[in-house]
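Enquirer: Here's a sequence, model it:
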Amino acid sequence: MDTLKSYIREGEHQTQDFKFRIDDSKKIARTLAAFANTDGGRLLIGVKDNGKVTGINPEEEFHMIQAASEIYCKPIVPFTSHVWEEKHKLVLEIIVEESETKPHKSFDENGILKTYVRSKDHTLLANKILIGVWKEQKRKTAKPQEFGENEQLLLAQLEKYEKCTLSRLYKLMQIKKGDIDKLLILFICWELVKMEITEEGTFYSLK
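Expert: Here you go, the predicted structure:
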């Protein structure tokens, strides 16, 4: 199928992941939750990381995904599916839309519910700032006409560094950590500050 080939040519990225097969519903639940918590995504099962189509039994893989969604994601992550055929080999496509009820959580290696997001082709843990942003986006706090001393201080510190970590901000600013958290959350919602979650850590910068 030309459509499947075009997907595979894209490689793995923030909204697409390849899986040879699903061996662990609990583990793949993190990917489903991460897609739902970020920009949505497509999972192609029966495709190796290098893009080679190996094929699977769609019915077996569907049940594994269904278990991941319904048992190991809290709340359930809705998905749709499609089966592609490439040279008599079958590939199961799982499509997850960005959720309006985020965050969705899934279990880590120790059986603890955690919140995951996608960053490029990685599934990573979300931090408290991002979770706070999701809550604040539902409240839609209005941006003030003028900023107070603490707001100006935080913006000034972010202006000094191209990328700043939360721990650095805690050290630089002589105000409560909780107050810094609240200001960062508001600034991100007001699109004054950009947050970048990477494998190396989470970084904040002025937009």
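Enquirer: Three-state assignment for the most centrally placed residue in the chain, please.
Expert: Centroid-nearest residue in the chain: residue 117, 1.8 Å away (criterion: Cα atoms, centre = their mean). Here residue 117 takes the strand state, with states given by DSSP: H, G, I helix; E, B strand; the rest coil.
Enquirer: wait, it sits on residue 35?
Expert: No. Taking contacts as Cβ atoms under 8 Å, residue 117 lies outside contact range of residue 35: 9.1 Å. Using the backbone N, CA and C atoms, a C-beta is placed for each residue, glycine as well.
Enquirer: Can you give the distance of the helix or strand hosting residue 134 from its chain's centre?
Expert: Assessed by DSSP states H and E, residue 134 sits inside helix 128-139. For helix 128-139, the gap between its own C-alpha mean and the chain's C-alpha mean amounts to 14 Å (Cα atoms, centre = their mean, to the nearest Å).
Enquirer: Following element in sequence after that helix, please.
Expert: Later in the chain than helix 128-139, the nearest helix or strand by DSSP H and E is helix 149-160.
Enquirer: Skip ahead from that following helix and say which helix or strand is next.
Expert: Assigned by DSSP H and E, the successor of helix 149-160 is helix 166-172.
Enquirer: Just list what that next one packs against, helices and strands only.
Expert: Counting contacts by 3 or more Cβ pairs under 8 Å, 6 or more residues apart in numbering; DSSP states H and E, helix 166-172 packs against helix 149-160, helix 177-189, strand 201-206.
Enquirer: quick one: contacts of the last one?
Expert: I take that to be strand 201-206. With Cβ atoms under 8 Å, 6 or more residues apart in numbering as the test, strand 201-206 has contacts from 127, 129, 155, 158-159, 161-166, 169, 184, 192-196.
Enquirer: what do you get if the cut-off is 6 Å, keeping everything else the same?
Expert: 127, 158, 159, 163, 164, 165, 193, 194, 195, 196 (Cβ atoms under 6 Å, 6 or more residues apart in numbering).
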